[in-house]
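In: Following is a predicted model, sequence given first.
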Amino acid sequence: MTDAREEPRRHPAATQLLRALFAMELVARDGGTWSLATDAAAYLVRDRPGSLWGLIDMEVDHFLSPAALVDALRKDDASIYGDADPWETHEADPDKARAFTAAMHSVSERPAAGLAEVAPLGTSRRLLDVGGGSGALSIALANAFPDLHCTVGELPVVCDLAREYAERAQVADRVDTLPLDMFAGLPNGFDAILLSQILHDWSPATGRQLLAHAFSAL
């Protein structure tokens with residue numbers, strides 16, 4: 001579009017949609033030219049680093065409506081797959097595991113970069129990323145600390161996915177995976193243990209157990 005005055009007559013539906021997106025600050029306008037707003041370009045373009053499309057895709061397939069959220073609160077249970085346990089669902093369905101891992105990767109990439117800037121790991125050599133999902137944090141830490149080797153401890157099906165992310169980021173030589181049942185204890189041989197987005201999923205008692213496992217392993 002080159003002449004904004006002609007928009008209503010030539011493209012009424014598209015114009016109304018663009019105006020709505022403009023009001024939501026998802027697009028920008030310069031005369032008769034429309035483009036993605038800065039934040040939309042940063043977060044909503046598929047496959048761009050830091051994109052939230054993994055989360056958006058999962059939200060489209062498993063929409064967390066207000067009714068679903070209230071029901072989950074009443075049941076004190078997860079809501080993403082109805083009454084099914086998320087972790088058992090991922091073990092049984094690799095496609096769901098892939099979609100969930102992509103969603104978590106999309107919301108972890110930017111915080112991972114922030115963690116890498118401040119993490120006190122200058123003297124650490126081996127880090128265990130417990131329940132590390134895609135390995136987004138391990139990838140960022142490996143890039144920030146050349147002498148650090150990271151191991152993502154996860155469900156076997158997620159380990160396969162984490163290896164793909166590490167290979168894509170070209171750090172597979174310093175980010176590997178380990179099938180892990182974190183409730184049964186943690187392996188030795190690490191001088192740093194990371195629990196990111198883990199403790200809030202469980203009760204305080206279970207959280208204390210996981211921290212005790214980490215303390216014993218270190």
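Out: Yep, that arrived. Bear in mind the structure is a predicted one, so any value in this text is a computation, not a measurement.
In: Nearest residue to the middle of the chain?
Out: Geometric centre of the chain, nearest residue: residue 104, 2.1 Å, by C-alpha atoms, centre = their mean.
In: Would you map the strands across the chain?
Out: 27-30, 33-36, 126-130, 149-154, 175-179, 192-195 (DSSP state E).
In: Would you reformat these as CSV and include mean pLDDT?
Out: Formatted as CSV, the strands of the chain follow (pLDDT from 0 to 100):
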stretch, mean pLDDT
strand 27-30, 89
strand 33-36, 88
strand 126-130, 98
strand 149-154, 98
strand 175-179, 97
strand 192-195, 97
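In: could you dump those to CSV with distance to residue 118?
Out: C-beta: built from backbone N, CA, C; applies to glycine. Output for these, formatted as CSV (distance: least, C-beta to C-beta, whole Å):
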stretch, distance to residue 118
strand 27-30, 33
strand 33-36, 31
strand 126-130, 15
strand 149-154, 17
strand 175-179, 20
strand 192-195, 13
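In: before we move on, back to that, who are the neighbours in contact with the residue nearest to the centre of the chain?
Out: Residue 104 is in contact with 54, 133-134, 136, 197, counting by C-beta atoms under 8 Å, 6 or more residues apart in numbering.
In: Next, work out how far apart it and residue 135 are.
Out: Here the criterion is C-beta to C-beta, to the nearest Å. By it, residue 104 lies 10 Å from residue 135.
In: ditto for residue 146
Out: 17 Å.
In: So for the two, which sits in the more crowded spot?
Out: Set residue 146 next to residue 135 and count neighbours by other C-beta atoms under 10 Å: residue 135 wins out with 33 against 7.
In: For that one, which residues are in contact?
Out: Taking C-beta under 8 Å, 6+ apart, one finds 129, 150, 152, 162, 165-166, 175, 177 in contact with residue 135.
In: so what's residue 2 scoring on pLDDT?
Out: For residue 2, the model assigns a pLDDT of 42.
In: Same check on residue 10?
Out: For residue 10, the pLDDT comes out at 65.
In: Which positions in stretch 123-138 come out as buried?
Out: Residues of stretch 123-138 classed as buried under the neighbour-count rule (16 or more other C-beta atoms under 10 Å) are 124, 127-138.
In: could those be laid out in a markdown table, adding distance to residue 158?
Out: Below are the buried residues of stretch 123-138 laid out as a markdown table (distance: C-beta to C-beta, whole Å):
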| residue | distance to residue 158 |
| --- | --- |
| 124 | 23 |
| 127 | 17 |
| 128 | 15 |
| 129 | 11 |
| 130 | 12 |
| 131 | 9 |
| 132 | 9 |
| 133 | 6 |
| 134 | 8 |
| 135 | 9 |
| 136 | 12 |
| 137 | 14 |
| 138 | 13 |
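In: Looking at those residues, which is nearest residue 43?
Out: Using C-beta to C-beta, residue 136 comes nearest to residue 43 of the buried residues of stretch 123-138, at 15.2 Å.
In: which residues touch the closest one?
Out: Contacts of residue 136 by C-beta under 8 Å, 6+ apart are 104-105, 108-109, 112, 165.
In: between these, which is nearest residue 89?
Out: residue 104 (14.4 Å).
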